[in-house]
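Participant: No letters, just coordinates:
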Ligand SMILES: Nc1ncnc2c1ncn2[C@@H]1O[C@H](COP(=O)(O)OP(=O)(O)OP(=O)(O)O)[C@@H](O)[C@H]1O
Ligand SMILES: [Mg+2]
């Protein structure tokens, strides 16, 4: 068998063999019955003891959603989703809210330990605070006190609704309006929890903040909402990681992330998305339909998205920047892997509104097996955005000949002073490259990992250190097979 | 010399490429401590022999056997042959865009060490080792930061192959036209590097078109590969004779 065919072969059933996060935790859950109507929205709001304004906001979103249709423009295909077949709220049953980690169900702590995310603070690598979201709720947030000393708020979204209602009210839906798109509207109606971050004026957040999302319950969707506000002159680096058990049925994950950066503030948002991708035949896996958007409201503000997308059956996601403030900067660095029957339609939107705004897009798509990988990106320069700049680089790497890579760049310039550059390449892992590596002693998997990591280097280089190592391993794992 | 004592013992080796017979029954034994040269006209199967020995896909063995240090070489995966001590310096070294030269070399070294049950080298230990080797080969450290063979000149690529060989310290080296593309000074440096590796435990197969390399790396035996067979073998003087007369006579005889 030629080497490349063998790689495809080894790569073929990788995911089943390679998905090491596919276990299910036996935890008593509080799950509401399947189905979605206004009463369910009320029930969710009620379970969280939300204020009336938030319930109203949800209901408005729900009504908007009912009038909307699921988007069809993405290059992904899947059977229609029956939204009445899922449950919209699942939470680990806990009679009293835990006051400290010692009161948390030990099985939950074990789950996170197995995932490599020990929640006990003394066991954590210093310098990273974690919010752990299990199905619909946040179960633990570490290092809260230390952050509070600096005035940084890092807590579960539901907690922020109670403790910081004025901030939530001011910013919720201000970047991604409730009726923005089908999945954002659905999220706005039924969102359960997520993380809330507020960095006060002039504060550099003293540690990396991270949220770890875990879907555990069956037949539930996960709809989390993250809101990060960085006041004038502040800065924060936020990381997000995700895994789910292996299941035959598909599960929906429809999150919304909103970022707001005021004058000279900077937000770095990194994602390592490793939801269960389904098996080699395309059974099961997460539908990852996510709306992420950041508003650079202030002058010289900066928002940087970095994503490593290795999981999910289908990924539909376009982390975007609205560059409103003068001289604001938007960045999007992405690695997306599709293997087996995975499909990804991902990219970004850079909307240049202000003067001297600039954006950089670096996208690396890797397709293996029967994977389909589409980069879809929009660069829009509005009339007032004098001297706006964009640089886009879009590279695709193919492993085997059954997969596909597609690049769909949209460029709309309404200001003649704009400078826009676009570069795109498509390449393959060649047989001679694999042989060369193997002759030097590397296994086929190691060789693929090495070449893929080389291909992604510009993106890996901007990940926070701790994540970069993890991401490199993940890239290799999601492409590796069990070689004989 | 009985083949069972040889480090590398090739018997009746036949192989096809794309269903075309290229090697048609090769018998060749290289005892430990010896350097054998292989010469022969273009297209006679020299590189093919190197690929078949190292297990490249698409080079199908149709007959014969190869024993390497007592093991059945042909039954092994390419990476296991490497771990067992077989090294091929490529006639055309391959480019690996985005893969740092130092990183590649360290991963290769550690992969081989792991397979042999030896401890891996950490970044510092590795750097120390590779720096020392580069100095001997007259290579600038800047080469470590570049991507493997990307944008390297022809001569730089060949030198990089020898660097890999020097770091991996394989038991058996197949050098496929490592001399082509080297300037006169580089040729001498590379030859010194190769000679430094010569020793009672190590065997080498040096494929070349030119006597000038063999003036620096003096072989124990010289073989002529022609039409997929070894048609003549002799001492170092055979290389001189070939340089003078060419392959004409041998071709007619074959
Ligand atoms: N991948 C391949 N596909 C088709 N034919 C091949 C392939 N590789 C080698 N051959 C053929 O096999 C024969 C031997 O080639 P090989 O590269 O071994 O010659 P060589 O002796 O190394 O020549 P040179 O001195 O030019 O390097 C040639 O006729 C060549 O065309
Ligand atoms: Mg050759």
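Facilitator: Received, thanks. All values reported here derive from a predicted model rather than from experimental measurement. Ligands and ions are numbered 1, 2, ... in the order given.
Participant: Rounded mean pLDDT for stretch B:33-52, please.
Facilitator: Across stretch B:33-52, pLDDT averages out at 95.
Participant: when you scan that stretch, is anything in it near ligand 1?
Facilitator: Yes: Stretch B:33-52 comes into contact with ligand 1 (Cβ under 6 Å from any ligand atom), by way of B:40, B:42-48. C-beta: built from backbone N, CA, C; applies to glycine.
Participant: what's the span of that stretch from first residue to last?
Facilitator: Using Cα to Cα, to the nearest Å, the end-to-end distance of stretch B:33-52 comes to 22 Å.
Participant: Just the buried ones from the residues of stretch B:33-52 next to ligand 1?
Facilitator: For these, a neighbour count by 16 or more other Cβ atoms under 10 Å in any protein chain shown gives the buried set as B:40, B:44-48.
Participant: In TSV: the residues of stretch B:33-52 next to ligand 1, plus secondary structure and distance to chain A.
Facilitator: TSV is the format used below for the residues of stretch B:33-52 next to ligand 1 (DSSP: H, G, I helix; E, B strand; the rest coil; distance: Cβ to the nearest Cβ, whole Å):
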residue	secondary structure	distance to chain A
B:40	coil	22
B:42	coil	20
B:43	coil	19
B:44	coil	21
B:45	coil	18
B:46	helix	17
B:47	helix	12
B:48	helix	14
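Participant: Widest-spaced pair of those?
Facilitator: For the residues of stretch B:33-52 next to ligand 1, the farthest-apart pair by Cβ to Cβ is B:42 and B:48; their separation is 12.1 Å.
Participant: Where do the helices of chain A begin and end?
Facilitator: A:3-12, A:14-18, A:38-47, A:52-66, A:106-114, A:144-149, A:157-163, A:165-171, A:182-190, A:431-439, A:444-455, A:457-460, A:465-479 (DSSP state H).
Participant: show me where pLDDT drops low in the chain?
Facilitator: Picking chain A for this. Residues of chain A that meet the criterion pLDDT under 70 lie in A:1-29, A:91-142, A:213-220, A:242-248, A:466, A:480-484.
Participant: actually chain B
Facilitator: Confidence mapping of chain B against pLDDT under 70 gives the ranges B:1-5, B:253-254.
Participant: if you skip the residues just before and after it, what's nearest to residue A:453?
Facilitator: The shortest distance from residue A:453 to any non-neighbouring residue, by Cβ to Cβ, 6 or more residues apart in numbering or on different chains, is to residue A:472 (5.4 Å).
Participant: Could you do residue A:438 as well?
Facilitator: residue B:78 (4.0 Å).
Participant: you'd agree that neighbour is up against residue B:51?
Facilitator: No: applying Cβ atoms under 8 Å as the test, residue B:78 and residue B:51 come out as separate, 9.8 Å apart.
Participant: Run through the residues that contact the residue nearest to residue A:453.
Facilitator: Contacts were defined as Cβ atoms under 8 Å, 6 or more residues apart in numbering or on different chains; by that measure residue A:472 touches A:449, A:453, A:460.
Participant: I'd like to know which of these is nearest to residue B:241.
Facilitator: Using Cβ to Cβ, the contacts of residue A:472 come closest to residue B:241 at residue A:449, 49.3 Å.
Participant: ok, the residue nearest in space to the middle of chain A - contacts?
Facilitator: By Cα atoms, centre = their mean, chain A has its centre lying nearest to residue A:271, at 5.1 Å. Residue A:271 sits next to A:239-242, A:305-309 when contact means Cβ under 8 Å, 6+ apart.
Participant: Show me what it is bridged to.
Facilitator: Applying DSSP bridges to residue A:271 yields these beta-bridge partners: residue A:240, residue A:307.
Participant: That concludes my questions; thank you for your assistance.
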